[in-house]
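> turn this into a model:
(one chain, ligands or ions: 3)
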Amino acid sequence: MLKPSLKDAQKRTRKEVLVKTNEYILNHDLKALGKNKTYYVKTYGCQMNEHDTENIKAILEDMGFEESLNMDNADVILLNTCAIRENAHNKVFGMVGRVKTLKETINPNIILGICGCMAQEEVVVDEILNKYKHVDLVFGTHNIHRLPQLLSEVMNTHQKQVEVFSIEGDVIEDIPVKRDSKYKAWVNIMYGCDKFCTYCIVPYTRGKQRSRHPEYILEEVRKLVRDGYQEVTLLGQNVNAYGKDLDTHYGMDQLLEDVAKTGIARVRFVTSHPWDFTDSMIEVIKKYDNIMPYIHLPLQSGSSRILKLMGRRYTKEEYLTLYHKLREALPYSSITTDIIVGFPGETEEDFQATLDVVHECKFDSAFTFIFSPRVGTPACRMQDDTPLEIKNERLQRLNHVINQYSREANEKYQDKIVPVLLEGVSEKSDDHLMGYTDTMKLVNVKAPKEYIGKIVNVRITDIKTWSMDGELALEKVTN
Ligand code: SAH
Ligand code: SF4
Ligand code: F3S
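Ligands and ions are numbered 1, 2, ... in the order given. Sure thing, here's the model as predicted:
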């Protein structure tokens, strides 16, 4: 048993990051292990976790397992978890309880595994070991490639397996992938994070910032182009800092340019930290039509005092300067953000400063959260006197303003013709398809299914707060 250690996860050393291409090993026995058996993976959290699940699915299928769309009749159930806020924890433990019932009533041989960011938390793994005896397997974000060996131990010995490395991490290049979509793909460009914002658990669950070497990224994108993909999203907690940990001067600006030059129809990237956004990146985004005019630029707070306590490394003024520079350089773009309310010590005045920034920036949309204390982070130990009631009330006031601006931003699209990558059938009705504009607006379009996977021009006919309706248009895009 190898449990995670918070103390080790907090460390950063100068240890060299190794690029490993022979870590994923599947011998003949492992390839047959899942024959006539099924798996079900439930994913929580961010795009990085969604992409990890695509790796996990491919590994399980390499082992002969087939995907079950229904958890109730799966032989192996994996929960790929997120640790970012307490409610993410609660959801997972709710699911762990449901699987217990399944084991007790339907099939005692179900194998339940927990992986992802919660598995990297020492307190969580202790809790699982003490209270949730029916969990058979725990593995972390650094050893996904070891899933065949770990699962085989559980299946052959019926012994619980716990293997979580609390390391800064290497870059493992040979993990297979089963992508959810045939049209758009996630591509990791870096792992981990070294920003250590005081509220955030990610640097402890994902290890130190490690950029992938450009040749691996570009090869992956070129293959996606050959396979007919229309869109790639370059993934990292801090994509603008791409390359800073490599021994070259190759940065995000160059990577974006080289990815754009592969000819893929659409390039996106998340998440941008305001700290590392360079002018040269802005130039590249402007220069290439296939780099989408959409930027997610987390603000977190509009109060410079709180930003300092958060360890965000920018002031309100610096954020606003960058914001206006982007809007000026890319007038057609959409800009979205993340905001936390109720950080320890946040006063009404601090909160007002956040509202002021929102009024000034008129974001296209925002994810808003109440601060959630995470064990092991500095903010968890800060004095926090604001009652939850007030935090809730601030969140509601903030959401009200955010929604108003989202709608306003969408209204600018009325009667415009915009490009939309149609991804699948709309939830709204069977004869509608759904997709996203270049600026990442969700659009429902009445269109036949043959259009799935194509980028089409759509005339926007109706505006809502979180989506728009449109119809196929033959005319050229207007923006
Ligand atoms: N790397 C990204 C953020 C990833 S986490 C960045 O730096 O912008 C996604 C969002 O979750 C964060 O932007 C933040 O708004 C929110 N978040 C992170 N930790 C949180 C916490 N402890 N409580 C509440 N929200 C949190
Ligand atoms: Fe967390 Fe900050 Fe890193 Fe984003 S930049 S993942 S908020 S520590
Ligand atoms: Fe959650 Fe881990 Fe992503 S904590 S937000 S799944 S990096």
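
> distance of residue 132 from residue 157?
To residue 157, residue 132 is 19 Å away according to Cβ to Cβ, to the nearest Å. Using the backbone N, CA and C atoms, a C-beta is placed for each residue, glycine as well.

> out of those two, which sits in the busier spot?
residue 132 (15 against 9; other Cβ atoms under 10 Å).

> how about the more buried one, nearest residue that isn't a chain neighbour?
residue 96 (5.4 Å; Cβ to Cβ, 6 or more residues apart in numbering).

> same check on residue 349?
Using Cβ to Cβ, 6+ apart, the closest residue to residue 349 is residue 303 (7.6 Å).

> who's in contact with the one you found?
Shown in contact with residue 303 (Cβ atoms under 8 Å, 6 or more residues apart in numbering): 316, 346, 349, 350, 351, 353, 354.

> check which helix or strand residue 419 maps to.
strand 417-425 (DSSP states H and E).

> name every strand pairing with that strand and say which way it goes.
Paired strands of strand 417-425, with direction, are strand 432-437 (antiparallel), strand 455-463 (antiparallel) (DSSP bridges).

> which residues of the stretch 251-400 of the chain lie near ligand 2?
Neighbours of ligand 2 within the stretch 251-400 of the chain, by Cβ under 6 Å from any ligand atom: residue 273.

> now do the helices in the stretch 251-400 of the chain.
252-261, 279-287, 304-310, 316-329, 348-361, 388-411 (DSSP state H, counting those that start in this stretch).

> list the buried residues for the longest one?
Meaning helix 388-411. 391, 394, 395, 398, 401, 402, 405, 406, 409, 410 (16 or more other Cβ atoms under 10 Å).

> which residues touch the closest residue to residue 355 other than its chain neighbours?
Distance criterion Cβ to Cβ, 6+ apart; nearest residue to residue 355, sequence neighbours excluded, is residue 401 at 6.2 Å. Contacts here follow Cβ under 8 Å, 6+ apart; on that basis residue 401 touches 355, 358, 359.

> intersect those with the contacts of ligand 3.
Of those, not one also sits near ligand 3 (Cβ under 6 Å from any ligand atom).

> and which of those residues is nearest to residue 30?
The closest of these to residue 30 turns out to be residue 358 (Cβ to Cβ; 52.0 Å).

> if I look at the residue nearest to that closest one when sequence neighbours are not counted, how far off is ligand 2?
Nearest non-adjacent residue to residue 358, counting by Cβ to Cβ, 6+ apart: residue 401, 5.5 Å away. In this view, residue 401 and ligand 2 are 22 Å apart by Cβ to the nearest ligand atom, to the nearest Å.

> how about residue 168?
14 Å.

> surely that residue touches residue 16?
No: applying Cβ atoms under 8 Å, one finds residue 168 not in contact with residue 16, separated by 10.2 Å.

> so between the two, which is more surrounded?
Using other Cβ under 10 Å, the more surrounded residue of residue 168 and residue 16 is residue 168, with 22 against 7.

> that one should be in a helix, yeah?
No: under DSSP: H, G, I helix; E, B strand; the rest coil, residue 168 sits outside any helix and is assigned coil.

> same question for stretch 106-119, mean pLDDT?
Averaged across stretch 106-119, pLDDT comes to 97.

> any idea how far it is from the chain center?
Relative to its chain's centre, stretch 106-119 lies at 22 Å (Cα atoms, centre = their mean, to the nearest Å).

> that one spans what distance, first to last residue?
26 Å (Cα to Cα, to the nearest Å).

> which parts of it are buried?
Buried, per 16+ other Cβ under 10 Å, within stretch 106-119: 110, 111, 112, 113, 114, 115, 116, 117, 118, 119.

> what about the residue of the stretch 251-400 of the chain found nearest ligand 3, neighbour count?
With Cβ to the nearest ligand atom, the shortest gap between the stretch 251-400 of the chain and ligand 3 falls at residue 374, namely 8.9 Å. The tally of other residues near residue 374 (other Cβ under 10 Å) stands at 23.

> is it true that it touches residue 198?
No: the criterion here is Cβ under 8 Å, and residue 374 misses it with residue 198 at 10.0 Å.

> before we move on, back to that, out of the strands paired with strand 417-425, deepest packed?
Of all these, strand 432-437 carries the top mean neighbour count, a mean of 22, counting by mean count of other Cβ atoms under 10 Å.

> flag the shaky bits of this protein, pLDDT-wise.
Counting by pLDDT under 70, the chain shows low-confidence ranges at 476, 479.

> near ligand 3, which residues of it are found?
Residues of the chain lying close to ligand 3 (Cβ under 6 Å from any ligand atom) are 45-46, 48-49, 82-84, 116-117, 201-202, 205-206.

> right, and out of the residues you listed, which lies closest to residue 60?
So of the residues of the chain next to ligand 3, ranked by how close each gets to residue 60 (Cβ to Cβ), first place is residue 116, at 15.1 Å.

> residues in contact with the closest one?
43, 44, 45, 49, 52, 79, 80, 81, 82, 83, 140, 141.

> now, those residues that are in helices?
In helices, judged by DSSP state H, the following of these are found: 49, 52.

> now the contacts of residue 303 in CSV, with neighbour count?
Formatted as CSV, those follow (neighbours: other Cβ atoms under 10 Å):
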residue, neighbour count
316, 20
346, 25
349, 9
350, 20
351, 25
353, 20
354, 27
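
> mind putting those residues in a markdown table, distance to ligand 1 included?
As requested, the contacts of residue 303 are exported to a markdown table (distance: Cβ to the nearest ligand atom, whole Å):
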| residue | distance to ligand 1 |
| --- | --- |
| 316 | 16 |
| 346 | 12 |
| 349 | 20 |
| 350 | 15 |
| 351 | 15 |
| 353 | 16 |
| 354 | 12 |
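
> which two in those residues are spaced the farthest apart?
Across those (Cβ to Cβ), the longest gap, 13.7 Å, separates 316 and 346.

> my read: residue 106 touches residue 72, true?
Yes: counting by Cβ under 8 Å, residue 106 does reach residue 72; the two are 6.5 Å apart.

> just to revisit the earlier point, what's in contact with the strand holding residue 419?
With Cβ under 8 Å, 6+ apart as the criterion, strand 417-425 contacts 181, 183-184, 230-231, 265-266, 432-439, 441, 443, 445, 447, 449, 451-460, 470, 473, 475-479.

> what residue in the protein comes nearest to ligand 3?
residue 45 (2.8 Å).

> around ligand 1, which positions in the stretch 1-150 of the chain sit nearby?
84, 85.

> nearest to ligand 2, of the strands paired with strand 417-425?
Proximity to ligand 2 (Cβ to the nearest ligand atom) singles out strand 432-437 among the strands paired with strand 417-425, at 23.3 Å.

> what's in contact with that closest one?
Contact with strand 432-437 is made by 413, 418-428, 442-447, 449, 451-452, 458, as judged by Cβ under 8 Å, 6+ apart.

> just put the contacts of residue 116 in CSV and tack on neighbour count and distance to residue 254.
Formatted as CSV, the contacts of residue 116 follow (neighbours: other Cβ atoms under 10 Å; distance: Cβ to Cβ, whole Å):
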residue, neighbour count, distance to residue 254
43, 20, 32
44, 21, 34
45, 22, 29
49, 20, 28
52, 24, 26
79, 24, 38
80, 25, 32
81, 28, 35
82, 22, 31
83, 27, 33
140, 28, 32
141, 23, 27
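
> name the nearest of the contacts of residue 116 relative to residue 163.
When these are compared for distance to residue 163 (Cβ to Cβ), residue 140 wins out at 7.5 Å.
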